Each structure stands twice: as C-alpha cells, then as structure tokens.
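Enquirer: Coordinates only, no sequence provided:
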Ligand code: BGC
C-alpha cells in the first residue's frame, strides 16, 4: 500500500486529505440539480387539485369531483388523463437517462447536468404558457428529460467529489435539495391557489424555471470529477483536481486507485454488456431493486397526491395544501438528520430503523381510515382522527426520507466500479422513474379499488425491502468508491459471484 492510507474497519482504505471548501462549494452547486426534481414532485399534486386548472384542461374531472363530494370519498379523482399528466414526465425521464449515460461517460458529468437544467427550463416555459393539454404534456416530457439527465449525473458527481468518510453527507445534499424543491413548490401552490382570476396554476408551473436556471448556470461553472477526467484520458488534469479537492499533495494512493480503475475502464468498450457479467451481479441487483423498493414504499402517493388525499380525508381546499406543506417540512428536516448521521451510523442502520418506522405508521394510517370510511368510502373524519392521520403520515415521511429517500440515491451511486458507473446509474434512474410512473398512474385507481387496504399493501412492501437490506446489503460507509469490490467480496452471499482475479479492482493484488 502506498502513501499514508489506513485500512478502515469496514475493509476499505482511508485516503489522506480534508474536507476542502472547494469540495463543499462544488457539491452544494451540483446538488441543486435535485431542486428541479423536487419542484416537480411538489407542484403537480397541488396544481391538479386547483379547480381553475381542472376546469380548463380536465373539465370531466372537475364535474366528477363536484358530484362525488357527498358520495364515495375514495373515487373522486379517478381519471386516466389526469394521471397521464402527472406521469408522462417519468416516462420521458426513463428514456432520457439512457442517453444521459453516454453523455456522462464520454463528455463528463458536468455536461449532463447542464443539458438537464436547460431542457427543464424549456419545459417550464411551455407549461407556464400552456393553452391545451398537448402543450401541457409536451412541456412535462421536456421536464422529464431534464430530470433524467440531472438524476443520472448529480448523484455520481457528488459521490466522486466527496472524500470517502463524508461521502454520505455530501451526496445526501441531493436529497436535501429534492426536498427543498418539494417544500418550495408546496408553499408556492399554497400562495398561487389564492390568486384571483384562476391563473395561479400557471404561476406554479412557470416558476419551475427558477430551479432550472440555478442548476443550468451552476453547471456552467462546475469542474469535472477526478474520476471522470481520468476515465476520459486526462490523467494530469485528474491529478490536479484531486490535489485541489483533497487539499493535500499526498494523493498518491487515491490517484493510484484511479489509474487502476481507468486501466479496467479502458478494456470495457460496452458498459451495457459488461454490466451483465457475473462479477457485477451484486451491483446490478442493487441498481434495480433499491429504486424499485424506494418507490413501492408508497412515498410518492403522499408527495403527488397529498392535497387530494387530505381532501379525501375531509380537509377543505386550503387546509389540504397546508397539510402538504407540513409533510414537505418534515421531508427537509429528515434529510438533514440523514446527512448528519449517515457517515457515523452507516447506511444499514438508517435503512432498518427507517423501515420499522414506516411500517408502523402505514399500518396506523390504514387502520384510522378503515375505521372512519370502511369499505364503502362514505363517512366523515372528525378533527381528532384527521389530526392523527396527518401525524402518522408525518412520522412515515420522516422515516422514509432519512432511509430509503436519501439512501435510494446514495447507495447506487457509490457501489459501481468506474467502468460501468454511468450505465449502472442509468439503470437506477430508469427503474426509479418507471415505478414512480407506475405508482403515479395507478394510485388514484388503486385508492378507488383497494381503499384503506392500499396502505397495508405498501406496508407489505416495506417488510420485504427491510428484510432484503438486512440480508443482502453490506455496509458501504467510509469505503472508497474505487475499493468497493472488497465489500462485496466480504459478503456472505455476494462473494460467490466474484473470482480472485477480480481483485484487480482493489489495488490489493492487481497493481
Ligand atoms: C425519491 C422521490 C421522492 C423524494 C421525496 C426521492 O428520493 O426518489 O421519488 O419523491 O425522495 O420524498
């Protein structure tokens, strides 16, 4: 082992160097890529519950809503076209993330972020000016392309810039920005809902341009990561960047690992084919299952449809927006909790604790709703009950955000070796978007048919995903990214997929 590295308890190395202001600054700027994603998640639910918006674009839903106010509470918003509005974005993001993979790998992380911000900006303009459903949906697809690019590049960028022992904290800046975006959007909806003349929805949609400008301009000034510079054949620039971001000249060990990673990367012409190789089975499984589980936890039911859900529970217009602002606040605070615990407690403890908390609160919400609305959907929610539902929803949201929310982006971005990192992250993004789409598309129909049982359904998934983490996800805190293979080699299950020759990644035998 060269230059001052120490072996970490988890089996990796600790490179020398400190947290420099430069790294903090670049990571704060890059994580603003999360704002566009969050803004969109937060804005759609509020806008689709505004009457002037429904009257203009979805008059049938408006009539349905009026007629349902005294009958079946579970079914008042069930409409495919409205769901298509919410979810078209996610399909576009899914496809875009594959294109983003090539840009991120060949041109660097920075250009994907820039492309993402710019496309999102165009989408925001189209949406703000929308005259018909077609303009709305095309605008939303452009927003989706923007999100596909940003989510593909930002988490990887953050993980590569960060020193290993603070990677969790810096990466979760992305989740923090997502949640700030959600909260800002919910506050904006709350305000624009009061605009006289019925144009509030337009203001809400057009203001998506603000986060888009922030990340677009920010990306223009960002440097690329040492890993990406090395991967693209600029070893000297990579070395300089490493010195600069670590604030020391003692970067020999980390640099040597980058060179080794680059050597392997050079041999890989087809990352998409390589990712299917047996030795990457663990990473591939995580790239698919982590985002899948994140979405079937049911979180986006709350994020997209909180206002609708609260109205269903008997809150009137304003109160429902206010309630979703509360859940937005919990999201932000929970992200901060995650940032400051993830590198000390580790990923596994947060996953397991958060899972338990989500389970208990989902069962409580389902049961409270069952008691008041039964299976007929007809009933009233007295104040005390409604307050308890809101409280448990907040407990659930907190549990989600500091576990699956934050870690659902952190863990996939840190486990892939350089040669397949871009491809791996694209899989994560597209699976995430696919199931965000499925849930967004299906929720209102599911609520209408499964009723309170929907909450038990999501609780069932939480049991499965928590057990999965307990058995199959090794701890990755403190382990340098280009050393991650050690973690899989040491795992009771995944070690069987990795042969001795694969040690070349670790720099133990291979250098
Ligand atoms: C998830 C989103 C979710 C957000 C906030 C993110 O990590 O990917 O689907 O809406 O957290 O809850």
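Expert: Great, that's in hand. Computed from a prediction, not measured in an experiment: that's the story for all the values here.
Enquirer: Need the phi and psi values for the residue in the stretch 1-150 of the chain positioned nearest to the ligand.
Expert: Taking C-beta to the nearest ligand atom, the ligand has its nearest neighbour within the stretch 1-150 of the chain at residue 41, 4.6 Å off. Just so you know, the C-beta spots here come from the backbone N, C-alpha and C atoms, and that holds for glycine as well. Per-residue torsions, residue 41: phi -60, psi -40 (degrees, to the nearest 10).
Enquirer: Does the residue lying closest to it once chain neighbours are set aside belong to a helix, a strand or coil?
Expert: Using C-beta to C-beta, 6 or more residues apart in numbering and skipping residues adjacent in sequence, the residue nearest residue 41 is residue 303, 4.9 Å away. State at residue 303, reduced to three classes by DSSP: H, G, I helix; E, B strand; the rest coil: helix.
Enquirer: Can you give me the pLDDT of residue 303?
Expert: Predicted confidence (pLDDT) for residue 303: 78.
Enquirer: Residue 356 too?
Expert: So, for residue 356, pLDDT stands at 98.
Enquirer: residues touching the residue of the stretch 1-150 of the chain closest to the ligand, list them.
Expert: Taking C-beta atoms under 8 Å, 6 or more residues apart in numbering, we find residue 41 in contact with 178, 181, 182, 185, 300, 303, 304.
Enquirer: give me the subset of the residues you listed touching the ligand.
Expert: Filtering the contacts of residue 41 for neighbours of the ligand using C-beta under 6 Å from any ligand atom leaves 178, 300, 303.
Enquirer: Go ahead and confirm residue 499 touches residue 279.
Expert: Yes: checked against C-beta atoms under 8 Å, the pair residue 499 and residue 279 is within contact range at 6.8 Å.
Enquirer: okay, those two: which has more neighbours?
Expert: residue 279 (17 against 10; other C-beta atoms under 10 Å).
Enquirer: Against residue 428, how distant is that one?
Expert: 19 Å (C-beta to C-beta, to the nearest Å).
Enquirer: Any idea how far stretch 439-449 is from the middle of the chain?
Expert: Relative to its parent chain, stretch 439-449 has a centroid offset of 21 Å by C-alpha atoms, centre = their mean, to the nearest Å.
Enquirer: I misspoke; the intended subject was stretch 17-30.
Expert: With C-alpha atoms, centre = their mean, you get 21 Å for stretch 17-30.
Enquirer: List the buried residues for that stretch?
Expert: Within stretch 17-30, the residues that count as buried by 16 or more other C-beta atoms under 10 Å are 17, 19, 23, 24, 26, 27, 29, 30.
Enquirer: one step back: any idea how far residue 387 is from the residue nearest to residue 41?
Expert: 21 Å.
Enquirer: more crowded one of those two?
Expert: Comparing residue 303 with residue 387 by other C-beta under 10 Å, the one with more neighbours is residue 303, at 27 against 12.
Enquirer: contacting residues around that one?
Expert: 41, 42, 45, 182, 327.
Enquirer: The last one sits in which helix or strand?
Expert: Per DSSP states H and E: residue 327 is located in helix 317-345.
Enquirer: And for the fourth one?
Expert: Using DSSP H and E, the secondary-structure element containing residue 182 is helix 167-192.
Enquirer: For that helix, the averaged confidence score.
Expert: Mean predicted lDDT for helix 167-192 stands at 95.
Enquirer: and that helix, which residues are buried?
Expert: For helix 167-192, by 16+ other C-beta under 10 Å, it's 167-190, 192.
Enquirer: following that helix, which helix or strand shows up next?
Expert: helix 200-206.
Enquirer: Other residues contacting that next one?
Expert: 43, 46-47, 50, 52-53, 124-125, 127-130, 139, 185, 188-189, 191-195.
Enquirer: And the buried ones among those, selectable in ChimeraX?
Expert: Restricted to buried positions by 16+ other C-beta under 10 Å, the ChimeraX selection for the contacts of helix 200-206 reads:
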select :43,46,47,50,52,53,124,125,127,128,130,139,185,188,189,192,193
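Enquirer: still on that earlier bit, where's the dip in pLDDT among the contacts of residue 303?
Expert: The lowest pLDDT within the contacts of residue 303 belongs to residue 45, which sits at 78.
Enquirer: how far does the helix holding residue 327 sit from the chain's center?
Expert: With C-alpha atoms, centre = their mean, you get 14 Å for helix 317-345.
Enquirer: doesn't residue 414 make contact with residue 287?
Expert: No: between residue 287 and residue 414 there is no contact under C-beta under 8 Å: 11.6 Å.
Enquirer: Please, where are all the helices along the stretch 1-150 of the chain?
Expert: 21-31, 33-47, 51-57, 59-68, 80-106, 109-128, 133-161 (DSSP state H, counting those that start in this stretch).
Enquirer: closest to residue 473 out of the ones you listed?
Expert: Each of these was scored for nearness to residue 473 using C-beta to C-beta, and the closest is helix 133-161 (16.4 Å).
Enquirer: hmm, back to that, quickly compare the helices of the stretch 1-150 of the chain and say which is most buried.
Expert: helix 33-47 (a mean of 29; mean count of other C-beta atoms under 10 Å).
Enquirer: That helix vs helix 167-192, what angle?
Expert: Orientation check (axes from the mean of the first three to the mean of the last three C-alpha atoms, to 10 degrees): helix 33-47 against helix 167-192 gives 30 degrees.
Enquirer: could you give the mean pLDDT of whichever strand or helix holds residue 411?
Expert: In the assignment (DSSP H and E), residue 411 maps to helix 406-415. Helix 406-415 carries an average pLDDT of 97.
Enquirer: cool, and stretch 267-280?
Expert: For stretch 267-280, the mean confidence score works out to 87.
Enquirer: For it, which residues meet the burial criterion?
Expert: Neighbour counts over stretch 267-280 (16+ other C-beta under 10 Å) mark 268, 271, 274, 275, 279, 280 as buried.
Enquirer: can you check stretch 235-249 too?
Expert: Applying 16+ other C-beta under 10 Å to stretch 235-249 flags 238, 239, 241, 242, 243, 244, 245, 246, 247, 248 as buried.
Enquirer: and if you look at stretch 195-204?
Expert: Neighbour-count burial for stretch 195-204 [16+ other C-beta under 10 Å]: 200, 201, 202, 204.
Enquirer: If anything else comes up later, I'll come back, but that's it for now.
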